[in-house]
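*Asks:* this one's structure only:
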């Protein structure tokens, strides 16, 4: 179950204590929490984290297979969440306390900053191994946030990055011991609550206009 | 007052000894100096620096507020200067001897190389704090010259980079003691005077075609 | 003379023991070898290397001058080879055992990974010095694979990177002693033979769609 807590001007969104896959109900709950963050006005900042072994394990393929849902509609909803976080009018920090895979890793890249646990857990884009190519929207997001060769290796080989490797590659900003991850993320958020607002929103919209355009185009979600 | 001196094949453009803000007269004077550099033919190279505490403190908002000038026209003139330096047919080196803020920082990014004073002075994009979002042209310039996460942090948080931090982030190529900054910039320029000419111009025009297109479109300067 | 050998699931393409310039016969031979790699199916990976002092010295300007061939057609063929390697549906590793210049350096960037000899040999884009500006397709390839300031310095100054410098700049993934270069490249290839296939192809096509579009447009090869 996802939760949202407020500590001073910092909101802490917990994505859950399971694999935290992108089930439609989970997506709806996360969007509801983001509504609350945006409605609260300024100053504000957001830390996104989770409880347990996983930050998020990505798309809910079991649900997708059994539900008979339209894959294009589902991916469009996932894209919309990426776009929303990427352009959120507050500073956002992902505190990666556990495994961060596939769409979970992409969600982490939609945040302004990432802090990762150093001793256990991987950040990984396994799409090449599970035979699900990145959509153009996913490619645009990943390539907008990583340097060329880091994006290339992550996307073409499915390399699993531990915390130190992820920091060396610039995938995360800091890699820390387990107990320090959330506190460091909150510290970054607290230092930046005053940035929230319309100017930050416009800055992000213009910086990521090409990726946002692709992510927001529901009709081409599967291409 | 801006000045242009020639030492051998290296031109040294001094942006002034004040805050060196982008007043229309200052922009016109800088453009006049650039005319002279281009007219001189090859071999040639340019070092841009200043005298005193500031390299440049950016847009002249006091003048803009009191003059009643059109903000779009003014930004279009600033964009045109960025585009001109970005595509200048000689190698250009910015010697950042003092504070380099906002449009001053963008002007530094339009140069081929940057050398910064290590012990004092900041490189900073404070737009998010002063509530003036980057135009699309400014975003395109900054994002074309910095790695994704460096551009992101600089643009969304207004972080002030000292010399060592700016070098670690790849914003500047070297950070040196005060007395070494200009000499190092001149050394880079001298080593590259033979690069000047039509081929270098074509290389730069093609490399930065997307950013140059936006910067040169006066009609969309405010978007 | 170019050769293709197969060791297990790793193909080793040798570009020759001369300057290995892009003569039309050489391009045709390399394309024939790539046909064979692709036809072999999965699992597979490719190591491209050469024998002697050069990996490749780039375009065959002597042939071009004496043949009366159309420069646009020739560049379009070179672009097509870059595009083919960039989107090849197997993991590709360039083992740079010798000088890697101009179009040879671009061909190395079309590979997924690069291993370079540390003690001798340069990686260099000398176009600004030999007065042949990069085509838009070449710019797109280089800029899609290197960080902004590395691409900028390499393209505007023609800097010669030794192995250690190339590794520090992220142009190559590893710089090793002469006898270790090919083995390290084969090791990377062997670890990734299972990635080959349609998913990898789609991932690469989407990642590099803008560069591939320009490289494949024969009509605009000279712009």
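*Replies:* Arrived safely. Keep in mind that this is a model prediction, so the values were computed, not measured.
*Asks:* and the helix or strand residue A:29 falls within, what does it pack onto?
*Replies:* Per DSSP states H and E: residue A:29 is located in helix A:24-39. For helix A:24-39, the contact count by 3 or more Cβ pairs under 8 Å, 6 or more residues apart in numbering or on different chains; DSSP states H and E identifies strand A:3-7, strand A:10-14, helix A:71-86 as packing neighbours. To be clear about C-beta, it is placed using only N, CA and C from the backbone, and glycine gets the same treatment.
*Asks:* now it: buried residues?
*Replies:* Residues A:24, A:26-27, A:29-30, A:33-34, A:37-38 are the ones in helix A:24-39 that count as buried (16 or more other Cβ atoms under 10 Å in any protein chain shown).
*Asks:* residue contacts, residue A:99?
*Replies:* A:53-55, A:57, A:121-122, A:124 (Cβ atoms under 8 Å, 6 or more residues apart in numbering or on different chains).
*Asks:* quick one, phi psi at it?
*Replies:* phi -50, psi 140 (degrees, to the nearest 10).
*Asks:* name the residues linked to it by a beta bridge.
*Replies:* residue A:54 (DSSP bridges).
*Asks:* contact residues of chain A facing chain C?
*Replies:* For chain A, the residues in contact with chain C (Cβ under 8 Å from any Cβ of the partner chain) are A:127-129, A:131-136, A:139, A:143, A:147-149, A:151-153, A:155-158.
*Asks:* tell me the buried residues within those.
*Replies:* Among these, those buried by neighbour count (16+ other Cβ under 10 Å) are A:127-128, A:132-136, A:139, A:143, A:147-149, A:151-153, A:155-158.
*Asks:* quick revisit: the helix or strand following the helix holding residue A:29 pairs with which strands?
*Replies:* Scanning forward in sequence from helix A:24-39 by DSSP H and E, the next helix or strand is strand A:45-49. If you go by DSSP bridges, strand A:45-49 pairs up with strand A:10-14 (parallel), strand A:91-96 (parallel).
*Asks:* give the residue farthest from the middle of chain A.
*Replies:* Note on chain A: the largest C-alpha distance from the chain mean falls to residue A:68, namely 25.9 Å (Cα atoms, centre = their mean).
*Asks:* where does pLDDT dip in chain A?
*Replies:* For chain A, no stretch has pLDDT under 70.
*Asks:* who touches stretch A:179-198?
*Replies:* For stretch A:179-198, contacts defined as Cβ under 8 Å, 6+ apart pick out A:7-10, A:12, A:41-47, A:49, A:89-97, A:113, A:115-117, A:173-174, A:176, B:128-129, B:131, B:156-158.
*Asks:* and it, what's buried?
*Replies:* Across stretch A:179-198, burial judged by 16+ other Cβ under 10 Å covers A:180-182, A:184-186, A:188-190, A:192-197.
*Asks:* just these: which are in helices?
*Replies:* A:180-182, A:184-186, A:188-190 (DSSP state H).
*Asks:* got the end-to-end distance for stretch A:89-109?
*Replies:* This stretch, stretch A:89-109, spans 16 Å end to end (Cα to Cα, to the nearest Å).
*Asks:* and what of stretch A:78-95?
*Replies:* 20 Å.
*Asks:* got the buried residues for that stretch?
*Replies:* Neighbour counts over stretch A:78-95 (16+ other Cβ under 10 Å) mark A:78-95 as buried.
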